[in-house]
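Student: here's a sequence, model it:
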Amino acid sequence: MTTTPDRPLDRRRLIATLCIAAGALSTGANAQNRSQNRRRAANPPEQRYADRPDAMRFADDMAARRGLSAEWTRAAIGQALYLPNVPRLMLPPARGTAKNWRVYRSRFIDPVRIRAGVQFWRRNRAALARAEAEFGVPPEIVVGIIGVETIYGQNMGSFRVIDALATLTFDFPPQHPRAQARQAFFQDELEQFLSLCQRTGVDPLTPLGSYAGAMGMPQFMPSSWVKYAIDFDGDGRVDLWNSETDVIGSVANYFKGYGWQPGLPTHYPVRLTPEAQMDALLAPDILPSFSADSFAAKGALPLNGGTAHPGKLALIELQNGDPALPGNEPQYVAGTENFYVITRYNWSSYYAMAVIDLGQEVAAVVGR
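Tutor: Numbering: from 1, shown residues only. Reported below is the predicted structural model:
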């Protein structure tokens with residue numbers, strides 16, 4: 001075989017080809033590195049609390065306080081994962097964000113929830129009646145709560161409870177206006193959760209719930225589970241994920257525990273006079289603070305029998321967006337002690353009204 005010596009032009013072509021190929025390889029490698037970096041940013045490595053000395057000290061202290069095995073407690077907390085999105089979800093809306101009752105209401109009073117609520121009520125008519133007889137809480141309030149919380153078990157949360165509670169215990173956002181108090185709250189909830197799991201033999205890595213650690217159909221926090229969850233179906237255990245009867249009895253027991261008064265309305269319509277003393281009426285917020293007479297004297301007239309209300313009233317304001325725009329005027333009701341009890345489930349007058357309205361819509365279809 002004979003060979004032909006390289007000509008200068010051929011050598012230049014060869015060198016150019018090699019440079020292009022090298023450049024292509026470099027570009028491809030850079031693109032691959034960028035893609036890997038994006039994937040790492042989107043899916044950061046899991047951070048387990050076993051690597052956090054403060055979490056392990058908390059585990060040891062908790063075990064000593066609660067009489068638990070330090071090894072078991074360290075293992076449970078150590079396997080909890082930091083959830084980077086959860087602290088952001090705990091922050092309040094930005095200042096200046098207008099509340100809107102009509103929009104809020106539309107999220108919960110819709111055909112899907114009403115239809116599911118009717119089916120739930122018809123399935124559990126006997127349990128709802130028994131709960132009302134034992135605890136004094138009407139079926140429409142119990143049905144409203146479960147519908148607003150989880151659409152009757154359709155959406156009970158997909159976060160591991162141990163991860164959510166550990167994240168809010170050790171990494172609560174410091175910029176929250178009540179960060180210290182809220183972090184202390186979640187520390188107690190983490191303790192309650194682990195004590196409950198140890199006492200009932202539940203694997204603490206198994207339960208799923210909300211990003212705040214609420215569990216089951218009624219979205220009970222661990223402390224509420226400990227205080228108010230009951231075995232209402234008589235099978236020897238409390239199951240707020242699968243037993244609708246247990247859920248009904250536990251929600252009714254919760255309200256009784258917070259002072260629900262049987263037969264008392266949750267609210268009355270109210271008419272405001274032009275001279276209404278709005279600053280004074282709204283100062284107590286949702287806490288019932290006025291007798292019916294003093295309420296009326298300040299320019300808020302409770303209707304539909306509200307003038308004979310025996311207890312205290314609060315003026316509840318439901319904003320509808322920017323009040324400067326036409327049609328966005330706030331709505332008002334006179335809230336009673338039972339309205340306030342509903343806000344112990346969620347500290348929001350908008351939430352309480354959504355519970356009441358959904359329960360009434362479902363009751364109207366059921367024909368109670």
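
Student: my read is that residue 354 contacts residue 105, right?
Tutor: Yes: at 5.9 Å, residue 354 counts as touching residue 105 under the criterion of CB atoms under 8 Å. Every C-beta, even on glycine, is put in place using the N, C-alpha and C of the backbone.

Student: neighbour count winner among these two?
Tutor: Set residue 354 next to residue 105 and count neighbours by other CB atoms under 10 Å: residue 354 wins out with 25 against 17.

Student: can you tell me the SS state at that one?
Tutor: helix (DSSP: H, G, I helix; E, B strand; the rest coil).

Student: now do the contacts for it.
Tutor: Contact analysis of residue 354 by CB atoms under 8 Å, 6 or more residues apart in numbering lists 104-105, 107-109, 144, 148.

Student: what pLDDT does it get?
Tutor: Predicted confidence (pLDDT) at residue 354: the value is 98.

Student: which residues touch the closest residue to it other than its chain neighbours?
Tutor: Of all residues not flanking residue 354 in the chain, residue 108 sits nearest, at 4.4 Å (CB to CB, 6 or more residues apart in numbering). Neighbour list for residue 108: 147-148, 354, 357-358 [criterion: CB under 8 Å, 6+ apart].

Student: reformat these as JSON lines; add distance to residue 280.
Tutor: Shown next, in JSON lines, are the contacts of residue 108 (distance: CB to CB, whole Å):
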{"residue": "147", "distance to residue 280": "35"}
{"residue": "148", "distance to residue 280": "31"}
{"residue": "354", "distance to residue 280": "27"}
{"residue": "357", "distance to residue 280": "28"}
{"residue": "358", "distance to residue 280": "32"}
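
Student: please produce CSV containing those, extended by secondary structure and distance to residue 50.
Tutor: Shown next, in CSV, are the contacts of residue 108 (DSSP: H, G, I helix; E, B strand; the rest coil; distance: CB to CB, whole Å):
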residue, secondary structure, distance to residue 50
147, helix, 39
148, helix, 37
354, helix, 41
357, helix, 46
358, helix, 43
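
Student: of the residues you listed, which is the nearest to residue 231?
Tutor: residue 147 (23.0 Å; CB to CB).

Student: correct me, but that closest one touches residue 115?
Tutor: No: counting by CB under 8 Å, residue 147 stays clear of residue 115, with 10.3 Å between them.

Student: so what touches the helix or strand containing residue 251?
Tutor: Assigned by DSSP states H and E, residue 251 belongs to helix 244-257. Contacts to helix 244-257, defined as CB under 8 Å, 6+ apart, come from residues 120, 123-124, 127-128, 130-132, 134-137, 141-142, 145-146, 153, 216-218, 220, 224, 227-233, 238-240, 341-342, 345.

Student: which among those residues count as buried?
Tutor: Among the contacts of helix 244-257, those scoring as buried are 120, 124, 127-128, 130-132, 135-137, 141-142, 145-146, 153, 216-218, 220, 224, 228-230, 232-233, 238-240, 341-342, 345 (criterion: 16 or more other CB atoms under 10 Å).

Student: ok, now how distant is residue 255 from residue 313?
Tutor: Counting by CB to CB, to the nearest Å, the gap from residue 255 to residue 313 is 19 Å.

Student: next one: residue 268
Tutor: 8 Å.

Student: and what of residue 234?
Tutor: Taken as CB to CB, the span from residue 234 to residue 313 is 40 Å.
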